[in-house]
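Requesting a structural model of the entry that follows:
(3 chains)
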Amino acid sequence: MSNPKLSPSFYQRQDVTSIAQELIGKVLCTQIDNDPLTSGIITETEAYCGRGDKACHANNDTRTDRTETMYQAGGISYIYLCYGIHHLFNVVTNVEDKADAILIRAIEPLDGKNKMLQRRGKQDVNPSLTAGPGRLTQALGITTSFDGTALTDNSIWIEDWEIGFSAPSLVATERVGVDYAGEDAKLPWRFYPQESKWVSQK
DNA sequence: CATTTGATGTTCT
DNA sequence: GAACATCAAATGC
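As a prediction, this is how the structure comes out:
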């Protein structure tokens, strides 16, 4: 309860890759409708930059109905539907008109594990519960209806528990599933702690 | 084990 | 109509 939510000033800095690395170890929380609170430690992120990154939906300052959310000031959610099935959760960063975002790809469950199991239709808590961008959103109850929600709100937010991984050996690798982006697909903008098992496969 | 395929809907050409 | 920041189940070794 006493852990502070990250404030807009955290998200509105210019360097999206720095923020992506700092988000590792923070705690993503959701409290949807009247369901129990669910939360987990962020273990995997990917940075997307709206300028000079072909893998980003809003590359080259292209504005569409879908990407308009990313052009808002940092500190809100950007949630969109992928492959018609999966709701992918991103954190919008940078200031207004700078379309940067960070995809949250995996978490390690903390609170509300039973609720997550119920939402996912699973029996056991293991990495297949929340390791993967489509999985964690389902476990946390995140849908596109929360697109554009402020992360200072009481539905979705991120707290700083000052967890700090025992050996914060952060690994930077190529992003997943963005081969279509040519040269930009090779940018090492995917981050995760080497010792964590709660990381998506690939 | 590895690899393939079906589900599913929004966006953009 | 094709592509897509994916997952799970089915098939082939």
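
ok, which stretches of chain A are helices?
A:8-11, A:16-23, A:113-120, A:133-140 (DSSP state H).

closest one to DNA strand C among those helices?
Closest to DNA strand C of those, according to Cβ to the nearest atom of the strand: helix A:133-140, at 3.2 Å. Where C-beta positions appear, they are placed from N, C-alpha and C, glycine not excepted.

returning to what we had before: tell me the most buried of the helices of chain A?
helix A:133-140 (a mean of 24; mean count of other Cβ atoms under 10 Å).

now the angle from that helix to helix A:113-120?
120 degrees (axes from the mean of the first three to the mean of the last three Cα atoms, to 10 degrees).

anything in helix A:133-140 near DNA strand B?
No: using Cβ under 7 Å from any atom of the strand, helix A:133-140 never reaches DNA strand B; the gap is at least 9.2 Å.

Redo the helices of chain A as TSV? Include mean pLDDT.
Converted to TSV, those look like this (pLDDT from 0 to 100):
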stretch	mean pLDDT
helix A:8-11	97
helix A:16-23	96
helix A:113-120	97
helix A:133-140	98
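
Including distance to residue A:87, could these go into CSV?
As requested, the helices of chain A are arranged in CSV below (distance: least, Cβ to Cβ, whole Å):
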stretch, distance to residue A:87
helix A:8-11, 20
helix A:16-23, 19
helix A:113-120, 12
helix A:133-140, 4
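
I'd like to know which of these is closest to residue A:98.
Nearest to residue A:98, of all these, is helix A:16-23, at 8.9 Å by Cβ to Cβ.

Could you tell me which residues of chain A lie near DNA strand C?
For chain A, the contact set with DNA strand C under Cβ under 7 Å from any atom of the strand comprises A:46, A:48, A:55-57, A:82-86, A:88, A:90, A:101, A:103, A:120, A:128, A:132-135, A:175-178, A:180, A:200.
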